[in-house]
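> pasting the structure only:
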Ligand code: DGL
């Protein structure tokens, strides 16, 4: 199968990493929209335009389905994209439901981009699954740039995280939900900042399971051979350095998975 994925940058590699576990031998087309990162600080209209361009590109590559490997683009553009394309368009959303189901009485904190935090989609999801009022949302801007530079844990990253989380009673939270695919990369830094034992969860594994279901239900045929093509805003990535950076980012994600 030909599977397209897009994100503003390296965040969606978390989804690619999970998809590769379930569908290891397919052709993947990963579009990192690095010309327009960060999406979380753009208008809804801009995010829709960028997303439409990405889907057009992936469709032209022959993709059977496209995964929006970005919570912000899902919140801002999933419905719009589905109204414009006939191939399946899958989204990712913060893993609030599994967090509520798994929760042992403590509060749950969702961290996300400004767009995701203020969009109706997240509010509706929380009101659907959180009947005990345990979920809080905090926009944490400023992090995506660090991830794009491959800076996942440094004094500057910790300072930024501490600043974003200051004012919250972090000891009240038992689960931290990553409402942005870039945030997985800060897991080890966050483990030092959040109280010991805080569990961390994101929606990428659920999105990969959903992808399998959709492709099976469409009768898509397996390629039987793994291929991964990376693009930066439509330009194919051919230099070994960037490809090995992407691979090392995925390997880094495997360290210390929670939930
Ligand atoms: N990785 C994206 C998300 O899941 C967007 C980050 C950004 O570009 O602001 O929301």
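Structure received. This is a predicted model, so every value here is computed, not measured.
> where do the helices of the protein begin and end?
13-22, 44-60, 71-84, 96-102, 114-118, 120-129, 144-148, 155-165, 187-193, 204-217, 240-253 (DSSP state H).
> right, so of those, which gets closest to the ligand?
Nearest to the ligand, of all the helices of the chain, is helix 71-84, at 3.4 Å by Cβ to the nearest ligand atom. Glycine gets a C-beta too; all of them are placed from N, C-alpha and C.
> state the mean pLDDT of that closest one.
The average pLDDT within helix 71-84 is 98.
> what residues sit buried inside it?
Neighbour-count burial for helix 71-84, counted by 16 or more other Cβ atoms under 10 Å, picks out 71, 72, 73, 74, 75, 76, 77, 78, 80, 81.
> and stretch 38-47, by the same measure?
For stretch 38-47, a neighbour-count test (16+ other Cβ under 10 Å) marks 38, 39, 40, 42, 47 as buried.
> who's in contact with it?
Stretch 38-47 is contacted from outside by 8-9, 33, 36, 50, 70, 72-73, 76-77, 112-116, 141, 144-145, 180, using Cβ atoms under 8 Å, 6 or more residues apart in numbering.
> flag every residue of the stretch 1-150 of the chain that's near the ligand.
The stretch 1-150 of the chain comes close to the ligand at residues 7-8, 11, 37-40, 70-72, 113, 116, 144, as judged by Cβ under 6 Å from any ligand atom.
> next, format those as a markdown table and append distance to residue 214.
As requested, those are arranged in a markdown table below (distance: Cβ to Cβ, whole Å):
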| residue | distance to residue 214 |
| --- | --- |
| 7 | 19 |
| 8 | 23 |
| 11 | 21 |
| 37 | 27 |
| 38 | 28 |
| 39 | 23 |
| 40 | 26 |
| 70 | 18 |
| 71 | 18 |
| 72 | 21 |
| 113 | 25 |
| 116 | 22 |
| 144 | 28 |
